[in-house]
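J.: predicted model follows, preceded by the sequence.
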Amino acid sequence: MIEIDIRIDRPGGFSLEAGFAAPTSGVTALFGRSGAGKTTIIQSVAGVVRPDSGRIAIDGEPFFDSARGIDVPIEARRAGYVFQDARLFPHMSVERNLRYGERRSRAKERPIRFEAVVELLGIGHLLARRPHTLSGGERQRVAIGRALLAQPRLLLMDEPLAALDAARKAEILPYLERLRDEMRLPILYVSHAIDEVLRLADMVVALREGRLVAAGPVGEVMSAPEILPVVGRFDLGTLIACTVSRHDERYGLSDLAFFGGSLRVPRVEMPIGAPVRARVRARDVAIALARPEEVSVSNLLLATVEEVRLLEGPYADVVLKVGEGHLAAMVTRESAERLALRPGLAVWAMIKTVAVDSRTTDFEARE
Amino acid sequence: MIEIDIRIDRPGGFSLEAGFAAPTSGVTALFGRSGAGKTTIIQSVAGVVRPDSGRIAIDGEPFFDSARGIDVPIEARRAGYVFQDARLFPHMSVERNLRYGERRSRAKERPIRFEAVVELLGIGHLLARRPHTLSGGERQRVAIGRALLAQPRLLLMDEPLAALDAARKAEILPYLERLRDEMRLPILYVSHAIDEVLRLADMVVALREGRLVAAGPVGEVMSAPEILPVVGRFDLGTLIACTVSRHDERYGLSDLAFFGGSLRVPRVEMPIGAPVRARVRARDVAIALARPEEVSVSNLLLATVEEVRLLEGPYADVVLKVGEGHLAAMVTRESAERLALRPGLAVWAMIKTVAVDSRTTDFEARE
Amino acid sequence: REARADETPIVFAASSLTNAFQDIGKAYTAKTGKKVTFSFAGSSALAKQLQSGAPASIFASADTKWMDFTEEKGLTLKDTRVTPIGNSLVLIMPAGTAKPVTLDKSFDWKAFLGADGKLVTGLTDSVPVGIYAKTALTSLGQWDTVKSHVVGAENVRAALALVERGEATAGVVYSTDAAITKDVKVVGTFPADSHPAIEYPFEIVKGQDTPAAKAFFDFLVSPEAKEIFANSGVVVK
Amino acid sequence: MLTPEEWVAVYLSLKVAFWATFWSLPFAVLAAWLLARSSFPGKGLFDGVVYLPLVLPKVVVGYILLLTLGARGSIGQYLDAWFGIKLIFTTAGATVAAAVISFPLSVNAIRLALEAVDRGLETAARTLGASRLDVFFSITLPLMLPGILSGALLSLAASLGEFGATITFVSNIEGRTRTIPLAIYSATQLPDGDAMAIRLTVVSVVLALGSLLLASLVDRRIRVMIGRA
Amino acid sequence: MLTPEEWVAVYLSLKVAFWATFWSLPFAVLAAWLLARSSFPGKGLFDGVVYLPLVLPKVVVGYILLLTLGARGSIGQYLDAWFGIKLIFTTAGATVAAAVISFPLSVNAIRLALEAVDRGLETAARTLGASRLDVFFSITLPLMLPGILSGALLSLAASLGEFGATITFVSNIEGRTRTIPLAIYSATQLPDGDAMAIRLTVVSVVLALGSLLLASLVDRRIRVMIGRA
Ligand SMILES: Nc1ncnc2c1ncn2[C@@H]1O[C@H](COP(=O)(O)OP(=O)(O)OP(=O)(O)O)[C@@H](O)[C@H]1O
Ligand SMILES: Nc1ncnc2c1ncn2[C@@H]1O[C@H](COP(=O)(O)OP(=O)(O)OP(=O)(O)O)[C@@H](O)[C@H]1O
Ligand SMILES: [Mg+2]
Ligand SMILES: [Mg+2]
């Protein structure tokens, strides 16, 4: 467990008061608007900022405990910190920057390999360069590599991928997932990109003006109404726990079994029976009264309307019951009236295959 | 016109060689992976970096011309530059930072008002603070405000919204749109967020390792195959020029007329007859062989399959002919086979209303 | 350059005359109600300042060389030279260890100074007291013996300090200097014929022979001044 | 506590040190700027000339001043003839001597501070419409204030301690050029001068500690002001 | 060109200046670090003591050295008795005098450079597992090298020019303590010494320009090395 329960007062009116616990082997996303206190929490864990009071502990071992007068020095915490600004050492080449933490780690405990990281981040051609000659994204990549190579026992990442292009992100995210899963490296992760958060995170801590709004497993928190002002309307969705039930080699697809039946998704590189998680964005769910025939949509689920919330503006939220679970859909108010959607109505939910995100995760360990 | 045709050699192997022209009243997005040379171009326009050779001119007035020995000083270019790093003045309060450029602009030419900018960026409570006490996103917002208040005649924005949460972005983007449209303020914009680019940009310049990959109106460039490695597969789509044909007050929707018929979209705040642009992402287009009845999808367009490209992996690209225009769709290979999609087949394209982006723009002026 | 008659005359005097000249200045002011201004520095500095046009009225040098220099350059008036006072060269030791000696050709410097004892004086090639000491020791035929023990200080005060503190075994200074501090004792006087007469020539500066300057210049050779000189330990001629 | 003539020396010392610092500072800033930010033919030589007063024995510096700025000096004669400025024997001369001696020290401090100023901020200011000069006064100068203060302090301290160049250039005249160090020197020539020398040394120490204290207070305020506390 | 005894003075000057700089630099770095980064009771006083050699007339500094480090001095007697170190009248003593006089200058330069080091980088280094000491040597020290170089240069220059404290503390002994300034002083005391004084002054100037040139070359390399060119 990562236990955090701290209080910090800043001159100028901001105060942070947050307490939560996160699993040691997983990604905890810190979520909140600009100025909510995300960086402040990360800094407290790293030891860069000293809380006014409270306690921070990893697996029961305290990093900070104002009651007991404990404040472990930064370097002894071994928390790899990817700063919001890159903070590369200007007097060292990219390679020496990368090696800085590595050389200071125990030689026998270097599971994160230099070559692998360089390859992953695509910075091989930059090794001899100096930081001031790098572009914004290059700098950020080197900073990520440097933190990883310090072989941390905890990763603190403050918007690490903000300056990176989609393609690079798509390469780095699976690596972070691997770190999380294979090395069971706990990660505290700040990002404004909901996709990233949903993909990586096991646990979400939502902050608002220095106070906890919600904290808990991703599935729960991201569907909580308190989270709306933080996340914004468009990206609401449903997280569904599934197990891999079949692979379709021919079409490069996989079937995932879940409470309401089966979902077809692009091939998941997991063995049959493995637990995985799928996300269905509400905006990607269409509703039909009769089973649509001959459509390109491969996921058709029989459902019952449980609730229809007409919103201001053009939209309506629809909560569907699928098997024993729920699925959120978003349609226009006009469609809701046209189809006369009402609780109890049996409908078909249409989910385009391509709109299903999937990820591996270890549900038992957390819930 | 913003004319740019420059050549820069950097020690370490990178060289930039790019020539393009962009309309003076619109947003030109610079697009490309990390290290492609986006910042270098912006810096050249600002005068921060001096190209080895070439020419940069705004409306025929040269900023830089190596042949004629012209190099207009930075301050005379009046190019508001939002740097990738915020670069706030540490010895000034937030308010004095914001006022710095404003005080140096001509008093009679201050269409961008202090109060409006402060309100927009939500930094009213920070005015008395010092930059070093700001959070990453707060800093970035102040930097944006500072550049705007200098009343520039050209805006250079280098990933200005990268550190901001979705809600704040959603507030700032319309403001930038207004600047672009009302003040006809040209904007050079770097971003890795395709949504942002597509929403704001009139023109896209795609770069790859210092060379132009494609440049032109958004619609053209974003559907060009060369752009694929830069943009990534998932966000390909079709841009459709439309005119507002009807407003539906009751449901908060608008109808847009286009080559292939009519699109229903969330209300567009434009008069009837105004030209607007809609974007349909390929992944949001589903295909049905028969007209689906009683579905929540409001946009059903009769189309003809023009081309089916089976890709590696689970997907297939389908090009549909709708009226005289084209619409890109993406389905799984399995669906393509199941529906036996082939050129000439008449189908229905289903587009969920909510998946339609729309924006105003002035097509004639550019094309 | 014409000096105005009512201006207070400026007197350039070698540092070693600080004491005596200040007292004479006070006496002069008490007697006549007129003021004089002094500048005390090394003779060389003063001479060079005169050379660059310093509007001083009177120059009192610590040795004849610098007075000859200003004369040759036409800076001071040869005809006005007076040398009312002189000095004698003495050997001093720290008060505690002092034992009188006789400074003649047979004086055993080696035994007196020990193996690495130091004999401190002014710089032997530039500071007047050092030059006199070197000349005296040479004429006594002992320079070569003593040479390696000699330490040159920049001014008399520094030399005195070294002897006072016992850092140096002994020192060669003017008798006036020895009078400054109780922590040193004069253990011997160099024979007057072992070195040129130690004299302090005074002259009026060219173009500055105003009545006020002349009045003070005359006072410098008056009986009152001589008495003050005598009290300060110099040899009054 | 102090005799009237000692007070005069203290007052004169403060005056000389203050004005030497005051007048030399803008030139020091200029020189630092030239050395750190510009390049021109003969810059190396200029660099050398700036540091010369430090390397040369102060007495030599005094002589050089005498030769150039004295009443018959190559420059001094014109200063006198054209502007009626007399440096020899005057407090102004002592001030010049102190300024020249302390110049390399303040230039060095200011230069180091200038080099530490983030040029990215200057560029940013220019994109906001500020001319180079405007940028200098609104951005660069405030950010290098700690260095300027440090340079001023060094200059003040060195001026308070200056002896060799002063006595050589402008002599040792009570109330005009006899600053504390010269007074201490004179005191050591007197039979009973030790007490006075010690008193004046103590005064020097007190002045030094006082100005340091003042400087560190100012420094703290400056750092808070420029956000580097 | 130069007489043998002038060569001796030049050699001695270089030797004294080099060793004074060499030995005082680590202490200057330490003092700068204490002043810029730590706080302890009596820091203000320490600050004052560091700057004292600058404020006091050099002759007084020399005298104080004599009182403390002379063979009979409060510290000097133990240096001699316990370690056999004799400073008075020796080249070592001249080196100490030069080091003491130039100490405030190098401390100031180093301190300014130290204050300009971005502490965020130090924090980053600690998160990468470096201890405070490790951070100091791997991050802080390299980044403040330009300041250290500048401090060394000032120290060298001030040592080359040092006169007052040296002659007061260790007198003027050819081949042992007669550095260039002392030789120049001797020359200026003679009516016909101008030629020698000028020769030696020129040598000083050449040495100064030479070390400046060297320093600026080293400086450029350092700046390239630390990415601040
Ligand atoms: N001063 C320099 N010296 C050498 N190479 C440089 C220098 N500045 C930039 N480069 C290189 O030029 C290339 C383009 O840099 P630029 O900053 O324009 O990239 P970018 O497209 O803005 O990337 P990003 O999205 O990562 O910010 C990069 O590969 C970078 O390493
Ligand atoms: N040194 C400081 N003094 C005063 N206030 C501070 C200081 N540091 C941070 N703050 C304030 O604390 C609040 C939280 O800052 P923090 O950096 O944790 O925000 P954040 O959640 O990381 O925001 P962002 O997404 O913009 O980076 C902000 O309002 C900020 O202004
Ligand atoms: Mg933050
Ligand atoms: Mg960039």
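T.: Structure received. Ligands and ions are numbered 1, 2, ... in the order given.

J.: let me see the contact set for the nearest residue to D:Thr3 once chain neighbours are set aside.
T.: Nearest in space to D:Thr3, with sequence neighbours left out and distances taken as Cβ to Cβ, 6 or more residues apart in numbering or on different chains, is D:Met196 at 7.5 Å. C-beta here means a position set from N, CA and C on the backbone, and glycine is covered the same way. With contacts defined as Cβ atoms under 8 Å, 6 or more residues apart in numbering or on different chains, D:Met196 is in contact with D:3, D:6, D:183-184, D:187, D:190.

J.: just C:Ala168 next, same as before
T.: C:117-120, C:151, C:159, C:162.

J.: of those residues, which is the nearest to chain B?
T.: Distance to chain B across the contacts of C:Ala168 (Cβ to the nearest Cβ) is lowest for C:Leu162, with 53.5 Å.

J.: angles on the backbone of A:Ser191, please.
T.: Here is the backbone geometry of A:Ser191 (degrees, to the nearest 10): phi -160, psi 150.

J.: try the one 5 residues further on
T.: Here the main-chain torsion angles of A:Glu196 (degrees, to the nearest 10) amount to phi -60, psi -50.

J.: just checking, D:Pro104 touches D:Gly48?
T.: No. Counting by Cβ atoms under 8 Å, D:Pro104 does not reach D:Gly48; the two are 10.4 Å apart.

J.: between those two, which has more neighbouring residues?
T.: D:Pro104 (26 against 20; other Cβ atoms under 10 Å in any protein chain shown).

J.: which elements pack onto the helix or strand harbouring that one?
T.: Assessed by DSSP states H and E, D:Pro104 sits inside helix D:91-116. Applying 3 or more Cβ pairs under 8 Å, 6 or more residues apart in numbering or on different chains; DSSP states H and E, one finds that helix D:91-116 contacts helix D:4-37, helix D:43-55, helix D:58-69, helix D:145-161, helix D:164-170, helix E:91-116, helix E:145-161.

J.: ok and that helix relative to helix E:145-161, angle-wise?
T.: Calculated by axes from the mean of the first three to the mean of the last three Cα atoms, to 10 degrees, helix D:91-116 forms an angle of 150 degrees with helix E:145-161.

J.: and the residue nearest to D:Thr3, how far from A:Ala79?
T.: Distance of D:Met196 to A:Ala79, computed by Cβ to Cβ, to the nearest Å: 64 Å.

J.: before we move on, back to that, only the buried subset of the contacts of D:Met196, as a ChimeraX command please.
T.: Selecting only the buried entries of the contacts of D:Met196 in ChimeraX, with 16 or more other Cβ atoms under 10 Å in any protein chain shown as the criterion:
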select /D:6,183,184,187,190
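
J.: out of the contacts of D:Met196, which is nearest to E:Ser204?
T.: Nearest to E:Ser204 out of those is D:Ile184 (Cβ to Cβ; 26.3 Å).

J.: helix or strand for that closest one, which one?
T.: Per DSSP H and E, D:Ile184 falls inside helix D:180-188.

J.: in terms of secondary structure, what does that helix contact?
T.: On a contact count with 3+ Cβ pairs under 8 Å, 6+ apart, helix D:180-188 meets helix D:4-37, helix D:145-161, helix D:164-170, helix D:194-225, helix E:58-69.

J.: what is the burial count for the closest residue to D:Val59 other than its chain neighbours?
T.: Of all residues not flanking D:Val59 in the chain, D:Gly164 sits nearest, at 4.6 Å (Cβ to Cβ, 6+ apart). D:Gly164: 27 surrounding residues under other Cβ under 10 Å.

J.: now that D:Gly164 has come up, it's in contact with D:Leu65, right?
T.: No. Applying Cβ under 8 Å as the test, D:Gly164 and D:Leu65 come out as separate, 10.9 Å apart.

J.: right, is the longest helix along chain C up against chain D?
T.: Taking DSSP state H as the criterion, chain C has its longest helix at helix C:18-32. Yes. Helix C:18-32 is in contact with chain D by Cβ under 8 Å from any Cβ of the partner chain, via C:18-19, C:22.

J.: is there proximity between the one helix or strand A:Val205 maps to and chain B?
T.: Using DSSP H and E, A:Val205 sits within strand A:203-208. No. Using Cβ under 8 Å from any Cβ, strand A:203-208 never reaches chain B; the gap is at least 11.0 Å.

J.: show me what that strand is packed against.
T.: strand A:15-22, strand A:27-31, helix A:38-46, strand A:211-217, helix A:218-223, helix A:228-231.

J.: and that strand with strand A:15-22, angle?
T.: Using the same axes, to 10 degrees, strand A:203-208 lies at 170 degrees relative to strand A:15-22.

J.: in chain A, which residue sits nearest chain C?
T.: Nearest residue of chain A to chain C: A:His91, at 45.9 Å (Cβ to the nearest Cβ).

J.: pLDDT score for that residue?
T.: pLDDT recorded at A:His91 is 92.

J.: can you tell me the closest non-neighbouring residue to residue 53?
T.: Using chain A here. In space, A:Ser53 is closest to A:Ser66, 4.2 Å off (Cβ to Cβ, 6+ apart).

J.: that's the wrong chain, I meant chain C
T.: D:Ala71 is the one closest to C:Gly53 (Cβ to Cβ, 6+ apart), at 3.2 Å.

J.: just to check, the one you found is in contact with D:Ile88?
T.: Yes. Using Cβ under 8 Å, D:Ala71 is in contact with D:Ile88, at 5.3 Å.

J.: which residues touch whichever residue of chain C sits closest to ligand 4?
T.: Distances between chain C and ligand 4 by Cβ to the ion are smallest at C:Ser52, namely 63.6 Å. Counting by Cβ under 8 Å, 6+ apart, C:Ser52 touches D:66-67, D:70-73, D:76, D:88.

J.: same question, D:Asp47
T.: Taking Cβ under 8 Å, 6+ apart, we find D:Asp47 in contact with D:35, E:212, E:216.

J.: how far away is the first one from C:Val235?
T.: Counting by Cβ to Cβ, the gap between D:Leu35 and C:Val235 amounts to 57 Å.
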